[in-house]
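Enquirer: requesting a structural model of the entry that follows:
(3 chains)
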Amino acid sequence: MTLPNLNHYDSIQLTPEGQLKHFLTIEGLHEALLNEILDTAESFVDMSAQQVKKVPLLRGKTVANLFFEASTRTLSTFELAAKRLSADVLNLNISTSSTSKGETLKDTLMTLRAMHCDMFVVRHSASGAAHFIAEHVTPDVAVINAGDGRHAHPTQAMLDMLTIRQHKGDFSKLKVAIVGDILHSRVARSQIHALRILGAEEIRVIAPQTLLPRHIEAMGVKVFNEMSRGLRDVDVVIMLRLQKERMQTALLPSESEFYKLFGLTEAKLAYAKPDAIIMHPGPINRGVEIESSVADGPRSVILQQVTNGIAVRMAVMSMAMSGQLKQHQLRSEAAGA
Amino acid sequence: MTLPNLNHYDSIQLTPEGQLKHFLTIEGLHEALLNEILDTAESFVDMSAQQVKKVPLLRGKTVANLFFEASTRTLSTFELAAKRLSADVLNLNISTSSTSKGETLKDTLMTLRAMHCDMFVVRHSASGAAHFIAEHVTPDVAVINAGDGRHAHPTQAMLDMLTIRQHKGDFSKLKVAIVGDILHSRVARSQIHALRILGAEEIRVIAPQTLLPRHIEAMGVKVFNEMSRGLRDVDVVIMLRLQKERMQTALLPSESEFYKLFGLTEAKLAYAKPDAIIMHPGPINRGVEIESSVADGPRSVILQQVTNGIAVRMAVMSMAMSGQLKQHQLRSEAAGA
Amino acid sequence: MTLPNLNHYDSIQLTPEGQLKHFLTIEGLHEALLNEILDTAESFVDMSAQQVKKVPLLRGKTVANLFFEASTRTLSTFELAAKRLSADVLNLNISTSSTSKGETLKDTLMTLRAMHCDMFVVRHSASGAAHFIAEHVTPDVAVINAGDGRHAHPTQAMLDMLTIRQHKGDFSKLKVAIVGDILHSRVARSQIHALRILGAEEIRVIAPQTLLPRHIEAMGVKVFNEMSRGLRDVDVVIMLRLQKERMQTALLPSESEFYKLFGLTEAKLAYAKPDAIIMHPGPINRGVEIESSVADGPRSVILQQVTNGIAVRMAVMSMAMSGQLKQHQLRSEAAGA
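Expert: Coordinates of the predicted model:
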């Protein structure tokens, strides 16, 4: 896994004043901004417990969900988040739309911008797609990365951070283990960045050698190939989803072999701290990555992650829109002056 | 057709105070509750004639339409009903979503609940699906049955009752005939329950012997195998839809043979009372179940049924949501005490 | 191409007082009405530049998009226009709905009307489809033609007129050239009608002889078979979209041959006036109809056309709804008198 040279992300996704205007990756963001996202999300968690789960923050705005890669669940969370912010939502299944008529991606996006769409939520199988759009195609439309290739899935990582904070408070004392297919996982990469920025004491990855990217240690993580050692004394266990279609390649042992070595069972969980929490991005493959009694047990916070997912998306969408508006305003004033 | 043992439905779909909190079946409900549904629906019929067909009863609520069995028309009526109650609506084509990624149905539903969906509208080919969800999976999410296998289609039956009441007023003097494929019809079963509870004088079913469930008389209906006798002096004729794909089985004669014997023609209609009304759940197979001149004639109330369908769905959705809220409130108070 | 005999359109799409109640074709409309549409659209262009792009003109109304012919882009513009007017929107992919269950088109439409849909946006491959619905099926539902066969695409033509007016002001001094597949183009037909009614000085069509309808001169246009002569001194160049699937027929030379003769390049553009604007309905086939540097150049107004498309659709939808309401009101008063 070669990392795209995306060091200048911070300047792309932030206004000169440091406000979020796109949300493309966690890499390069400051701790204060991550905490602002978490605090804003927390206020939306509270709101969602109310009778009327709706705020007018994006009223009169249009959010276009551009899913070049299908994902019913992620699409639903962004759709609900946008509707609860009172936005108008346009779901575009891009694979069947006019790009198939020979139109270029750039033309499709410029057309949506001309329709006065205010925000693009982009999911794409190519690493860097959201970033490319934000930088080169439509910098004045807020772009939210909903997963790009193997690169990043920043809203997933932030909902995980919110869940950890709700249970553990301070990050500085935490040992966190990420387990499974690290090699293909954009989720793992975003989680590692977030945990480092928020100051987690120790970040571990546990995987067979074939499912680890080369030089992963350079990201500041400890590598383990065995659950017994890797889970020892951790506060948080984050399981990754195993894409079954990859099971056929030589990279992976059989499903049952993988489960035996890396599946999270009650027995293996005993290595972790007694109050460790269990996380998984969903959907779960029961009996492949995780034992049912663990997934449904008292230490599992998997459904809380789902709830936090809506809140984090509402937070990021409202913050990015606010940053874009501020920037448009400054630009208008500059033009008028 | 074996009937599922669903006698305890009333306790599942009602709060301890007898308020609706799910709407799964008509069986076991009291006449007063059916009349409350009809009265509430009538108020929405009036509202739909206004310029602004919208009330804020479900504002800030999220309704998820879970159609495991495709039905554009039924989905559209629930979608419109929810939107006119000001709810946010999420349409999920479940067959293509994450259940296909290996996720269990239960996990999908728990995930939607964690996203703070407040209501599930469920259509499923398995009898008892909506009931199972309401009892075992998500009892605190209002579940509306939009058709489950051969079991029930309660909103269809209630819109039929509303239509009958609008034309005939009192049920106690009415003879009602239900014609066609009784064996496979969830609509017929729900209609029979509703007509009995509302006190119809006589309920008839008219069908070839092969399309009648065994022991159907136990439901309190009179069985006829000929239109000439079955339609005699009835006030209401309810035609069922004939699923053409079943025509190939040995259960049914050819389409033209069926039409000759059981299709509703002007000639056969002469057996009914002169002011009998003609009903059909749609979509119509002209020339298979019903003659065009009858379907479009002055005694047909088929389009009025469609209009009432929106109103009944609005009624049931708002009543079930209100019942759920009351229950949540009581539970919070109990927890706080 | 035989022209359907649609001379009585004006009486169908207008109330007795001359208000729009459907929008089916531009043919037969008066200049004053076209100007009213353009003026109304202009006010929506201004509104779209505001923070909150939403007006309550269609609040409580239901707009059903009936696309018998798929078109993601056109559907999106009508969906956004309806939502920004605060309507509830129902998107129906008719090919997969109950018409496939044997229901007639008329029954589908009457059912949607019974659900209290207030407006149908109709796209159909058959010329005259929207007109047929407005005249014979649901005259009291506002029908907007979103493209019917080779006949008309009136909202596209009006957004083009708005774009021309924004750049050139007065139509009476303008020479306008329409280039490409005139034969199959409903867009070209609607543009020609609009330009004539608005008093354009000269309307030209430029195409190979095989792509021109017979007797096209009767529509009041000048015919050219060469770009060099046809583009001379024009103020506006309207390129048409080339349907690639027609490339295989004998009507057309190869793509590259077509581009060489009729593609809009910088070189050919030199024949037009120095301040000529370039239009295209999109999506663009770069290198087939138009050179990239022309499409993206300073004289291209293609993205402005997209923006105007939302505004024109909002204008036509609100005007037609207002005409229908006036008519319903008069009818109720007449019935009450």
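Enquirer: residues in contact with A:T40?
Expert: A:T40 is in contact with A:315, A:318-319, counting by Cβ atoms under 8 Å, 6 or more residues apart in numbering or on different chains. Quick note: C-beta positions are derived from backbone N, CA and C, even for glycine.
Enquirer: for the strand or helix carrying it, what is the average pLDDT?
Expert: Following DSSP states H and E, one finds A:T40 within helix A:31-48. Helix A:31-48 shows a mean pLDDT of 95.
Enquirer: still on that earlier bit, wait, which of the contacts of A:T40 is closest to A:T138?
Expert: Nearest to A:T138 among these: A:M319, at 18.2 Å, using Cβ to Cβ.
Enquirer: grab the nearest non-local neighbour of that closest one.
Expert: With sequence-adjacent residues excluded and distances taken as Cβ to Cβ, 6 or more residues apart in numbering or on different chains, A:M319 is closest to A:L20, at 4.7 Å.
Enquirer: so what does the one you found have for phi and psi?
Expert: Backbone torsions for A:L20, taken as degrees, to the nearest 10, come to phi -70, psi 130.
Enquirer: contacting residues for it?
Expert: Counted by Cβ under 8 Å, 6+ apart, A:L20 has contacts A:13-14, A:33, A:37, A:316, A:319-320, A:323.
Enquirer: go again with 6 Å.
Expert: A:L20 is in contact with A:319-320, A:323, counting by Cβ atoms under 6 Å, 6 or more residues apart in numbering or on different chains.
Enquirer: counting neighbours, which of the residues you listed comes out on top?
Expert: Most neighbours among the contacts of A:L20, by other Cβ atoms under 10 Å in any protein chain shown: A:A320, with 23 neighbours.
Enquirer: which residues in chain A form strands?
Expert: A:62-67, A:88-92, A:119-124, A:142-148, A:175-179, A:202-206, A:222-224, A:236-239, A:277-279 (DSSP state E).
Enquirer: and the angle for the first one with strand A:88-92?
Expert: Using axes from the mean of the first three to the mean of the last three Cα atoms, to 10 degrees, one finds that strand A:62-67 and strand A:88-92 are set 20 degrees apart in direction.
Enquirer: quick one: average pLDDT of strand A:62-67?
Expert: Rounded mean pLDDT across strand A:62-67 is 96.
Enquirer: give me the domain ranges for chain A.
Expert: Following automatic domain parsing, one finds the domains of chain A at A:9-152+A:306-336, A:154-305.
Enquirer: off-centre distance for the shortest one?
Expert: The reference is to domain A:154-305. Relative to its parent chain, domain A:154-305 has a centroid offset of 14 Å by Cα atoms, centre = their mean, to the nearest Å.
Enquirer: do the longest one as well
Expert: On the basis of Cα atoms, centre = their mean, the separation between the geometric centre of domain A:9-152+A:306-336 and that of its chain is 12 Å.
Enquirer: that older thread, switch the domains of chain A over to a markdown table; also include distance to C:V52.
Expert: Below are the domains of chain A laid out as a markdown table (distance: least, Cβ to Cβ, whole Å):
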| stretch | distance to C:V52 |
| --- | --- |
| domain A:9-152+A:306-336 | 3 |
| domain A:154-305 | 25 |
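Enquirer: what is the nearest of the contacts of A:L20 to chain C?
Expert: A:G323 (14.3 Å; Cβ to the nearest Cβ).
Enquirer: return the distance of that closest one relative to A:V63.
Expert: As defined by Cβ to Cβ, to the nearest Å, A:G323 lies at a distance of 15 Å from A:V63.
Enquirer: now do the contacts for the closest residue to A:A129 other than its chain neighbours.
Expert: Leaving aside its chain neighbours, A:A129 sits nearest to A:D148 (4.7 Å; criterion: Cβ to Cβ, 6+ apart). When contacts are counted by Cβ under 6 Å, 6+ apart, A:D148 touches A:124, A:127, A:129-130.
Enquirer: try 7 Å
Expert: Contact analysis of A:D148 by Cβ atoms under 7 Å, 6 or more residues apart in numbering or on different chains lists A:124, A:126-130, A:186.
Enquirer: chain C: which of those is nearest?
Expert: A:H124 (17.5 Å).
Enquirer: my read: that closest one touches A:A70, true?
Expert: No: using Cβ atoms under 7 Å, A:H124 makes no contact with A:A70, being 11.4 Å away.
Enquirer: of those two, who's got more company?
Expert: A:H124 (22 against 12).
Enquirer: thinking again about what came up before, dump the contacts of A:L20 into TSV; add pLDDT as well.
Expert: Formatted as TSV, the contacts of A:L20 follow (pLDDT from 0 to 100):
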residue	pLDDT
A:M319	98
A:A320	98
A:G323	95
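Enquirer: what sits closest to A:P56 if chain neighbours are left out?
Expert: With sequence-adjacent residues excluded and distances taken as Cβ to Cβ, 6+ apart, A:P56 is closest to A:S86, at 4.8 Å.
Enquirer: and that neighbour, how many residues sit next to it?
Expert: As a burial measure, A:S86 scores 17 neighbours (other Cβ under 10 Å).
Enquirer: roughly how far apart are the residue nearest the centre of chain A and A:H193?
Expert: In chain A, the centroid-proximal residue (Cα atoms, centre = their mean) is A:Q156; its distance is 2.5 Å. To A:H193, A:Q156 is 12 Å away according to Cβ to Cβ.
Enquirer: with A:Q209 instead?
Expert: Plainly put, A:Q209 is 23 Å away from A:H193 if you go by Cβ to Cβ.
Enquirer: please identify which of those two sits among more neighbours.
Expert: Per other Cβ under 10 Å, whichever of A:Q209 and A:H193 has more neighbours is A:H193, with 22 against 9.
Enquirer: the more buried one reaches A:G28, doesn't it?
Expert: No: A:H193 lies out of contact with A:G28 (Cβ under 7 Å); the separation is 8.3 Å.
Enquirer: just the CA atoms of stretch A:295-303, as PDB, please.
Expert: What follows is stretch A:295-303, C-alpha atoms only, in PDB (Å, rounded to 0.1, in the frame of the first residue of the first chain):
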ATOM      1  CA  ALA A 295     -21.100  -8.900  19.400                       C
ATOM      2  CA  ASP A 296     -24.300  -9.000  21.400                       C
ATOM      3  CA  GLY A 297     -22.600  -8.900  24.900                       C
ATOM      4  CA  PRO A 298     -22.500  -6.200  27.500                       C
ATOM      5  CA  ARG A 299     -19.100  -4.900  26.300                       C
ATOM      6  CA  SER A 300     -20.100  -4.500  22.700                       C
ATOM      7  CA  VAL A 301     -20.800  -0.900  21.700                       C
ATOM      8  CA  ILE A 302     -21.600  -1.700  18.100                       C
ATOM      9  CA  LEU A 303     -25.100  -0.200  18.000                       C
END
